[in-house]
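Engineer: Need a 3D model of the following:
(chains A and B)
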Protein chains: 2
Amino acid sequence: MPTHFADRLSDAVRARATPAVVALDPVVEHLPAELRGDHPVDGPAAVSALGEFCTTAIDLIAPVVPAVKLNIACFERHGPAGLAVYLAAAAHAARRGLLVIGDVKRGDVGHTAELYARAHLPAVDAITVSGYLGADGVEPFLELAAPEGRGVFVLVRTSNPSAGSIQDLVLQDGRKLHEALAARVADWAARPGRLGATGWSCVGAVVATRDAADAARLRAAMPRSIFLVPGYGAQGGMAEDFRPCFRPDGGGALIAAGRSVIFAHESDDIRRQAGPRWEDCLVHACRAFAADVARLLPGGGV
Amino acid sequence: MPTHFADRLSDAVRARATPAVVALDPVVEHLPAELRGDHPVDGPAAVSALGEFCTTAIDLIAPVVPAVKLNIACFERHGPAGLAVYLAAAAHAARRGLLVIGDVKRGDVGHTAELYARAHLPAVDAITVSGYLGADGVEPFLELAAPEGRGVFVLVRTSNPSAGSIQDLVLQDGRKLHEALAARVADWAARPGRLGATGWSCVGAVVATRDAADAARLRAAMPRSIFLVPGYGAQGGMAEDFRPCFRPDGGGALIAAGRSVIFAHESDDIRRQAGPRWEDCLVHACRAFAADVARLLPGGGV
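Structural biologist: Numbers count the residues shown, from 1 in each chain, chains lettered A, B, ... in the order given. Sure, this is the predicted structure:
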């Protein structure tokens, strides 16, 4: 029987001593000039550049962080060839010892959800899914994931400015909508066969927290679920804001940073510190990010 | 400037005198035996069989219905080669004069939504998107769709049994969650540049109605939005239940049927009437479906 997803993730976080996840969401327009060249952004040369960037970036981050998140939209934009690059990047990351989260945000019902699950789960260690279709939009993913040692992160609250306009709607019982969904996630997470040796479930949650109090409230609502937390770096979050996402033993959350790491070569500040090579900028930013959020683990950092 | 999506759709419905949409959601396991063969369901032969089935099915339904809906999950399951079949099927359907709805149910935020929009909108006439991320999960799709004469159907209520467990949650103000989302859709639909000459918007809604009263309530809530209504045939709905989705002039709704048409060869009843060839079964079922829902148009049917 494959090792439980949460156990593998806990081991990986311990091995790298940081809960940092790099969101490898490359956009052709932001690739380093020497990779991008002068090719049209939608042509085959752009797709190769995307693949080359991913391979090198994965090689550079693999010694530093436990996991990588790939947003499939960045690849899907380029059609079948882009999807092939996504799959190749996922396989390469796995070979380099990274856990791979496919940020696919898929959601459909019944049999179609099962088709999405079969499409996406074999390629990666975990995927993100939409929860607003209810249990039968999520269960087909969980049924395939759990016995295979894979994980699912249900979108509970997103980081976009207008997310609250729907996700924070107040229900008759006083809860916000995303809290009602969090309660479902807590239920799905605790079902038989879903918990690993660490006590964490293979059913996690994507949770964009607003501040520390918000993080503590959501942690209490989903005690078994590992949080995948966007919002570090380019999105403005500071490490301390994320502390309540973790249990005191350091388990329970992954903090994701994307643009601030993978497009570090676009920052004058980082180029001044790391030099003109994009690879050096990326490593510099990745190490700084990993060290910053490492402070959130017990005994971590300074 | 391209013709508005709703105007093109209205013309197409009028030309075929039916609001029927075939959901071409093929699953290898259900393909006719002579196409499927004995190949493994995930191998390249299965993917070619899928493509061959789609091409023939499109040729058969094109004279009968105005539009086809392709659920991308059925293709994505087969990886990059499957995605290529999806794109080829969409292009073939367009060449045969069908409007094509890509049932992709994508949803992401901000820039990533824009990448999904750029990935999917050029290939089809309209797509389905998730609405639960709020305006900035939907607007990037609308910004690309409207000026290009394309449409977006926002998922407001789905047809799965557990959909209500989230989508029917009651808010503090007494509305159900999907009614709050419907109000947003109504707002997005009525914005400048979104309405066509017919008065219908390029912002439609996927609406699984429970019964006629439910359909009337949702029609009133989204007066400018064309409904894409699942649930006919295999999902148990009868044409009369869908009548209130339409305005008295016959505009405003598309009724979708999938398995009951495309897998008609699996029905003993239809084989008895149409004979043993799957193509004849499909045409028979498609014509019966198109004629049944044609009764919902003014002066339609018997």
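Engineer: quick one: the helices in the stretch 201-302 of chain A?
Structural biologist: A:212-221, A:259-262, A:268-274, A:278-294 (DSSP state H, counting those that start in this stretch).
Engineer: Take those helices and lay them out in CSV including mean neighbour count and distance to A:Gly204.
Structural biologist: (Each C-beta comes from the backbone N, C-alpha and C, glycine too.) Below are those laid out as CSV (neighbours: other CB atoms under 10 Å in any protein chain shown; distance: least, CB to CB, whole Å):
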stretch, mean neighbour count, distance to A:Gly204
helix A:212-221, 17, 12
helix A:259-262, 25, 21
helix A:268-274, 14, 31
helix A:278-294, 21, 17
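Engineer: which stretch among the ones you listed comes nearest B:Gly193?
Structural biologist: helix A:259-262 (30.8 Å; CB to CB).
Engineer: that older thread, out of the helices of the stretch 201-302 of chain A, which comes closest to chain B?
Structural biologist: helix A:259-262 (9.4 Å; CB to the nearest CB).
Engineer: Assign a three-state SS to the most centrally placed residue in chain A, would you?
Structural biologist: With distances taken as CA atoms, centre = their mean, A:Lys69 lies nearest the centre of chain A, 4.4 Å away. Here A:Lys69 is recorded as strand under DSSP: H, G, I helix; E, B strand; the rest coil.
Engineer: in the stretch 51-200 of chain A, which spans are strands?
Structural biologist: A:67-71, A:99-106, A:126-130, A:151-157 (DSSP state E, counting those that start in this stretch).
Engineer: Show residues contacting the least confident helix or strand in chain A by mean pLDDT.
Structural biologist: Between all helices and strands in chain A, the lowest mean by mean pLDDT, DSSP states H and E belongs to helix A:164-167, at a mean of 88. Residues outside helix A:164-167 that contact it (CB atoms under 8 Å, 6 or more residues apart in numbering or on different chains): A:156-158, A:176-178, A:181, B:131-135, B:180-181, B:184.
Engineer: pLDDT below threshold where in the stretch 151-300 of chain A?
Structural biologist: For the stretch 151-300 of chain A, applying pLDDT under 70 flags the ranges A:234-237, A:300.
Engineer: and it, which residues reach chain B?
Structural biologist: Counting by CB under 8 Å from any CB of the partner chain, the stretch 151-300 of chain A comes close to chain B at A:155, A:158-167, A:169-172, A:174, A:177, A:180-181, A:184.
Engineer: Just the buried ones from these?
Structural biologist: Buried members of these, scored by 16 or more other CB atoms under 10 Å in any protein chain shown, are A:155, A:158-160, A:162-164, A:166-167, A:169, A:177, A:180-181, A:184.
Engineer: give the contact list for A:Thr158.
Structural biologist: Taking CB under 8 Å, 6+ apart, one finds A:167, A:206, A:208, A:230, B:109, B:133-134, B:137 in contact with A:Thr158.
Engineer: let me fix that: A:Cys54
Structural biologist: With the criterion set at CB under 8 Å, 6+ apart, A:Cys54 makes contact with A:24, A:26, A:85, A:88-89, A:92.
Engineer: what does A:Arg259 give?
Structural biologist: A:23, A:25, A:30, A:233-234.
Engineer: And A:Ala6, how far from A:Leu195?
Structural biologist: Using CB to CB, to the nearest Å, A:Ala6 is found at 8 Å from A:Leu195.
Engineer: now A:Arg271
Structural biologist: On the measure of CB to CB, A:Arg271 and A:Leu195 end up 46 Å apart.
Engineer: ok, the closest residue to A:Pro161 other than its chain neighbours - how many residues close by?
Structural biologist: Distance criterion CB to CB, 6 or more residues apart in numbering or on different chains; nearest residue to A:Pro161, sequence neighbours excluded, is B:Asp136 at 6.0 Å. Applying other CB atoms under 10 Å in any protein chain shown, we find 18 residues neighbouring B:Asp136.
Engineer: wait, what's in contact with A:Glu34?
Structural biologist: Neighbours of A:Glu34 in contact, by CB under 8 Å, 6+ apart: A:Trp278.
Engineer: buried residues in stretch A:81-96?
Structural biologist: A:81-87, A:89-90, A:92-94, A:96.
Engineer: Please flag which of those residues sit within helices.
Structural biologist: Applying DSSP state H to the buried residues of stretch A:81-96, the entries found in helices are A:81-87, A:89-90, A:92-94.
Engineer: Closest one of these to B:Gly102?
Structural biologist: Nearest to B:Gly102 among these, with distances taken as CB to CB, is A:Leu83, at 15.1 Å.
Engineer: Overlap of the contact sets of A:Ala6 and A:Leu195?
Structural biologist: Joint contacts of A:Ala6 and A:Leu195 (CB under 8 Å, 6+ apart) are A:Ser201.
Engineer: who has more neighbours, the two?
Structural biologist: A:Ala6 (28 against 19).
Engineer: Report the secondary structure state of that one.
Structural biologist: Going by three-state DSSP: A:Ala6 is helix.
Engineer: can you tell me which residues contact the residue of chain A positioned farthest from its centre?
Structural biologist: The C-alpha centroid of chain A is most remote from A:Gln172, which lies 32.4 Å away (CA atoms, centre = their mean). Contacts for A:Gln172 were tallied using CB under 8 Å, 6+ apart; they are B:170-172, B:174.
Engineer: how does it look with 10 Å?
Structural biologist: B:169-175 (CB atoms under 10 Å, 6 or more residues apart in numbering or on different chains).
Engineer: give me the number of residues near A:Asp187?
Structural biologist: 13.
Engineer: cool, and A:Pro192?
Structural biologist: 6.
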